[in-house]
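**Student:** Let's see this in three dimensions:
(one chain, ligands or ions: 1)
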Amino acid sequence: MVAAWMNKFRVAFAGLFWAFRDQNSFYVHFAVTLVVLAVAAWLRLEIWHWVALSFAIGGVLTAELLNTAMELLVSVLHPQHDPRIGRALDVAAAAVLMASITAIVVGVLVLGPPIYMHIWPV
Ligand SMILES: Nc1ncnc2c1ncn2[C@@H]1O[C@H](COP(=O)(O)OP(=O)(O)OP(=O)(O)O)[C@@H](O)[C@H]1O
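**Tutor:** Prediction:
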């Protein structure tokens, strides 16, 4: 039982490390995440700000991982060009886009006012 759960975590972390090492877009999202977290720590945000940022960041990274998994499956199961598969991959990419737009909105709403106050204190 414990060994089975350990194995679930092991394969999940293996997938995460692989995505980080081999996928440019995941790497870029991860780097942006580190910058956002550093700015958030510098601004000493309230807990609900951290909750909002965590949801936004988690949403983007999760969408990116699922999109990558779909691309990998297609590259093995159906590498030949097919418009319906192209549509499915486009929709998966759109999920990453939606999560990213949402994260940008959350980032601006959460980080914007405190950054503004730091630059132009009243
Ligand atoms: N087998 C296929 N049939 C039809 N269209 C495809 C196929 N494979 C890829 N495409 C098209 O190419 C686009 C990019 O797919 P691809 O798997 O190359 O992603 P990518 O550009 O490598 O993305 P990432 O940088 O996230 O890895 C898809 O959104 C789709 O429009």
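**Student:** For this structure, which residues are neighbours of the ligand?
**Tutor:** Where the chain comes near the ligand, counting by Cβ under 6 Å from any ligand atom, the residues are 23-25, 71, 74, 78, 81-82, 85-86, 89-90, 93. All C-beta atoms are positioned from the backbone trio N, CA, C, and that covers glycine.
**Student:** rerun at 5 Å
**Tutor:** Residues of the chain lying close to the ligand by Cβ under 5 Å from any ligand atom are 25, 71, 81-82, 85-86, 89-90.
**Student:** just those residues now: which is nearest V122?
**Tutor:** S25 (39.8 Å; Cβ to Cβ).
**Student:** That closest one contacts A63, correct?
**Tutor:** No. Taking contacts as Cβ atoms under 8 Å, S25 lies outside contact range of A63: 10.6 Å.
**Student:** Now do the shared contacts for the two.
**Tutor:** V96 (Cβ atoms under 8 Å, 6 or more residues apart in numbering).
**Student:** Give me the more crowded residue out of the two.
**Tutor:** Neighbour tally, S25 and A63, criterion other Cβ atoms under 10 Å: the higher count belongs to A63, 22 against 14.
**Student:** Give me the distance between the more buried one and the ligand.
**Tutor:** 11 Å (Cβ to the nearest ligand atom, to the nearest Å).
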